[in-house]
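Engineer: make a model of this:
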Amino acid sequence: MNNPLKKLLCKYRSDLWQVSKFGIVGVLNTGVDFGLFSLLYLAGGLHYLLAQVLSYGTATCNSYMWNRYWTFQTRHRPQMSEFMKFIFVNILSLGVSLLILTLLHEQLGLGTILSKVIATFFAMLVNYSGNRLWVFRKRLIEETGSLPR
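Structural biologist: Predicted coordinates for the structure are as follows:
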């Protein structure tokens, strides 16, 4: 095996698969978030910030279940500390999304949906980093014997 790209892919195959699963869960959660936001804001007439809180909260619960059992495949019983960390990371992500959504929509005058798309991108960056580096880090060390890269 002289191909350096093939060696690199073999070395990080499990990490790539985990990142892919996190991305798939993220797409699923984004669908839940956008679908519920559209239903509440566009069809239901709810204020866009209240619709954001409700849609994001629902997607957060969906995200915890999928990431815990599928992405990170934790085998231990659910622990309150892990769940609280997950909630903290998601509240931080919600704060980022609300701040960016408000700034783009109210200060820069962008449309609500375009502002929501941009805010979601930045919230996903915060969410991925928090889950990878903090929420599931200890479990990864215990189960694999090494730090996540």
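
Engineer: the helices in the chain, which residues?
Structural biologist: 4-11, 13-38, 48-66, 80-102, 112-130, 137-144 (DSSP state H).

Engineer: could you report the neighbour count for residue 78?
Structural biologist: 11 (other Cβ atoms under 10 Å). Heads up, the C-betas are built off the backbone N, CA and C, glycines and all.

Engineer: how about it, nearest residue that isn't a chain neighbour?
Structural biologist: Once flanking residues are discounted, residue 78 sits nearest to residue 68: 7.3 Å by Cβ to Cβ, 6 or more residues apart in numbering.

Engineer: now do the same contact list for the one you found.
Structural biologist: 74, 78, 82 (Cβ atoms under 8 Å, 6 or more residues apart in numbering).

Engineer: just give me the closest of these to residue 43.
Structural biologist: Relative to residue 43, the closest of these is residue 78; by Cβ to Cβ it sits at 34.4 Å.

Engineer: for residue 119, see how far away the residue lying closest to residue 40 once chain neighbours are set aside is.
Structural biologist: Of all residues not flanking residue 40 in the chain, residue 51 sits nearest, at 3.9 Å (Cβ to Cβ, 6+ apart). Going from residue 51 to residue 119 by Cβ to Cβ, to the nearest Å gives 13 Å.
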